[in-house]
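Participant: Pasted the sequence and its predicted model underneath.
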Amino acid sequence: MSFQSYLDNIEIKTGLTPRQFLALAEERGFGPSTKATPILEWLKTDYDLGRGHGMALVHVITKGPKISDAHVGKAGAHGDQSDTLWLDGAASNPDR
């Protein structure tokens, strides 16, 4: 699954966009210096998100929307179209 697909599936499951999760994380005091464990625990407890989906949000919360270009433009399940993740909801993504 591509990085963007993880984020899109989180939105389907929770009804919240990645941008909304960023705001909720900030309210909890989570940011670039936060370790993964407390974020993962919060996402599991409050939203029933597993580790894979949780780690996608951990990346966005701690590192922002830029991803490594290792899989950008690659064919297959793990290929992303861009090195910048769309955080404002799948329906508004111009690449979809």
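Facilitator: Structure's in. What do you need?
Participant: contacts, neighbours, all on C-alpha from now
Facilitator: Will do.
Participant: What segments of this protein are helices?
Facilitator: Using DSSP state H, the helices of the chain run over residues 3-14, 18-27, 36-47, 51-63.
Participant: Remind me what the last one packs against, helices and strands.
Facilitator: Yep, that's helix 51-63 we're talking about. On a contact count with 3 or more Cα pairs under 8 Å, 6 or more residues apart in numbering; DSSP states H and E, helix 51-63 meets helix 3-14, helix 18-27, helix 36-47.
Participant: which of the residues in that helix are buried?
Facilitator: For helix 51-63, the neighbour count (16 or more other Cα atoms under 10 Å) marks 53-62 as buried.
Participant: Kindly report the same for stretch 65-73.
Facilitator: For stretch 65-73, burial by neighbour count (16+ other Cα under 10 Å) applies to 65, 67, 71-72.
Participant: Show me the two of those that sit farthest apart.
Facilitator: Spatial extent of the buried residues of stretch 65-73 (Cα to Cα) is set by the pair Pro65 and His71 at 14.7 Å.
Participant: Name the stretch among the helices and strands packed on helix 51-63 that sits most buried.
Facilitator: Among the helices and strands packed on helix 51-63, helix 3-14 has the highest mean neighbour count (mean count of other Cα atoms under 10 Å), at a mean of 18.
Participant: how many degrees apart are that one and helix 36-47 in direction?
Facilitator: 40 degrees (axes from the mean of the first three to the mean of the last three Cα atoms, to 10 degrees).
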